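Participant: turn this into a structure:
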Amino acid sequence: MLFRSTKGIDYRERGLDESGGIRHRQHDDATQGVLVAWNRELAHAVGHTKDNPHQLGHGWLPIIEPRPHMDMLIRGVVWQDIQIRGTGIRVRLASYHRPPRRHQALWREADDRLEAWLDASPIPVVLLTDANEAGGPDVDDHRWGWRGIGIDGTVTNLRVASAYELAQRRSDHHPISLAIRAGSLRVPA
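Facilitator: Here you go, the predicted model:
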């Protein structure tokens, strides 16, 4: 599971980590805004490196900072590398919340930095994002594909079998569910 807009909620206190792993930093409002969770019965965390996207592990990396007098938090990406039990397949699960439309002047810089982060990964990536525009962030379409509904979706180099809109909850838009083929690259290497 990949989450965004999680500021102010400690999912460990809500029991999310009882059956699953969770990567969610509570340091400040910016790091609280995104999280990754996985079912420990289906996958386990791999790697020990922290905050280095070039190596296996986990981390949080700022992608774009607001300019002076902007009403926006730092936008960063959180990730956890996992291995699917019984398969040997490794995937980087990640979550990112792109700057809001009112700050779309930051999108080009943010998208370039996000693409550099994606390209640094030693394993396939599944990045869930609120892109704040339909079609997702502007990253290399030959390597990275967008699949989503409206402004929510995934940027990944794996095949996405389906995307479904779920019932609306607390957000101003609907969450989505994606079925991803973890062992199948979008574009064979």
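Participant: what strands flank whichever strand or helix holds residue 153, and is each parallel or antiparallel?
Facilitator: Using DSSP states H and E, residue 153 falls within strand 152-156. Strand 152-156 sits in its sheet next to strand 125-130 (antiparallel), strand 145-149 (antiparallel), going by DSSP bridges.
Participant: and the helix ranked longest in the chain, what does it pack against?
Facilitator: In the chain, with assignment by DSSP state H, the single longest helix is helix 107-120. If you count contacts as 3 or more Cβ pairs under 8 Å, 6 or more residues apart in numbering; DSSP states H and E, helix 107-120 packs onto strand 57-64, strand 75-84, strand 125-130. Where C-beta positions appear, they are placed from N, C-alpha and C, glycine not excepted.
Participant: can I get it in CSV? Just the C-alpha atoms.
Facilitator: Extracted in CSV, the C-alpha atoms of helix 107-120 (Å, rounded to 0.1, in the frame of the first residue of the first chain):
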residue,chain,number,x,y,z
TRP,A,107,6.5,21.2,-11.8
ARG,A,108,9.3,21.1,-14.4
GLU,A,109,12.1,21.2,-11.8
ALA,A,110,10.2,18.8,-9.5
ASP,A,111,9.6,16.3,-12.4
ASP,A,112,13.3,16.5,-13.5
ARG,A,113,14.4,15.7,-9.9
LEU,A,114,11.8,12.9,-9.6
GLU,A,115,13.0,11.4,-12.8
ALA,A,116,16.6,11.4,-11.5
TRP,A,117,15.4,9.7,-8.4
LEU,A,118,13.5,7.1,-10.4
ASP,A,119,16.5,6.5,-12.7
ALA,A,120,18.8,5.9,-9.7
